[in-house]
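Visitor: Sequence plus the predicted model coming up.
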Amino acid sequence: MTVLSTGNTKTVENFLTEQNRGANPLTNSSRTVLLMDATDSMSSLLSAAKETVCIMFERASAVLEGKGLSGDAFQMQFAVYRNYNSKENKLLEVSPWNTKANNLRAFMNTISPEGGWSNEATEIGLWHAIKESELQDSVSQVILIVDAPANTQEEVNVKRADLVEHIGRTLDLISQPTIQVSCKS
């Protein structure tokens with residue numbers, strides 16, 4: 001903020017350039033986490049998104065290879081989340097990092113829509129993305145596909161308490177502080 005108030009535009013320009021720089025496929029890979037709401041209301045969208053994302057992935061790899069770059073420079077991971085009324089092993093499901101569309105398609109073919117509870121546990125998906133970004137290889141971008149707003153903080157507290165009561169213990173996944181998500185139309 002001090003830099004802005006002093007009018008040092010070069011420093012601001014350098015900062016923004018660095019923050020918005022894409023991955024350089026010559027030196028490292030681009031890693032994309034695709035977070036997707038996999039609740040019942042996403043049934044038709046989930047099916048379409050599975051195919052569309054795999055096509056996008058295949059095309060990105062083809063473009064890289066067409067430019068003489070390794071198709072492995074583009075990695076993607078699917079992470080689907082639901083809500084706290086889902087089975088504990090369905091709250092968050094994550095694929096391994098992949099460089100092949102067929103591997104992602106195989107993972108996504110195991111995913112089916114289920115559960116839901118008005119607003120969704122978007123904070124679980126974002127928590128996962130943050131954990132991935134803290135790794136050495138980090139994350140280049142996160143794509144979020146949803147059809148409902150995120151839980152409010154009050155809903156997170158109530159829904160987590162309900163889950164703990166239902167399964168009789170706390171999951172590591174929900175023992176973390178939440179990420180407040182605010183979406184405005």
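Guide: Looks like it came in fine.
Visitor: Which residues are in contact with Met42?
Guide: Met36, Pro113, Val146, Asp147 (Cβ atoms under 8 Å, 6 or more residues apart in numbering). Every C-beta, even on glycine, is put in place using the N, C-alpha and C of the backbone.
Visitor: Mind checking what secondary structure the first one has?
Guide: It stands for Met36. Secondary structure for Met36, judged by DSSP: H, G, I helix; E, B strand; the rest coil, is strand.
Visitor: That one: how many residues sit nearby?
Guide: Met36: 23 surrounding residues under other Cβ atoms under 10 Å.
Visitor: hang on, isn't it packed against Leu46?
Guide: Yes: between Met36 and Leu46 there is a contact under Cβ atoms under 8 Å: 6.9 Å.
Visitor: quick one: which of the contacts of Met42 is nearest Phe74?
Guide: Nearest to Phe74 among these is Met36, at 18.3 Å by Cβ to Cβ.
Visitor: Distance of the closest one relative to Gln141?
Guide: According to Cβ to Cβ, to the nearest Å, Met36 stands 14 Å off from Gln141.
Visitor: For the residue nearest the centre of the chain, which non-adjacent residue is closest in space?
Guide: Nearest to the mean C-alpha position of the chain, counting by Cα atoms, centre = their mean, stands Leu35 at 3.0 Å. Closest residue in space to Leu35, ignoring its immediate chain neighbours: Gly125 at 3.9 Å, by Cβ to Cβ, 6 or more residues apart in numbering.
Visitor: For Leu104, list the residues it contacts.
Guide: Val53, Cys54, Phe57, Met76, Phe78, Ser95, Asn98.
Visitor: now the helices for this structure?
Guide: Secondary structure of the chain by DSSP state H: the helices cover 2-6, 9-19, 43-66, 101-108, 122-133, 153-167.
Visitor: Ranking those helices by mean neighbour count, which comes first?
Guide: helix 122-133 (a mean of 20; mean count of other Cβ atoms under 10 Å).
Visitor: report the angle between the axes of that helix and helix 153-167?
Guide: 90 degrees (axes from the mean of the first three to the mean of the last three Cα atoms, to 10 degrees).
Visitor: What helices and strands are in contact with helix 122-133?
Guide: strand 30-37, strand 74-81, strand 92-94, strand 141-145 (3 or more Cβ pairs under 8 Å, 6 or more residues apart in numbering; DSSP states H and E).
Visitor: Identify each buried residue in the last one, please.
Guide: Put plainly, it is strand 141-145. Val142, Leu144, Ile145 (16 or more other Cβ atoms under 10 Å).
Visitor: And the helices and strands packed on helix 122-133: which comes nearest Glu120?
Guide: strand 30-37 (5.2 Å).
Visitor: Identify the residues contacting that closest one?
Guide: Contacts of strand 30-37 (Cβ under 8 Å, 6+ apart): 22-23, 42, 46, 49, 53, 73-82, 97, 120, 122, 125-126, 128-129, 132, 137-148.
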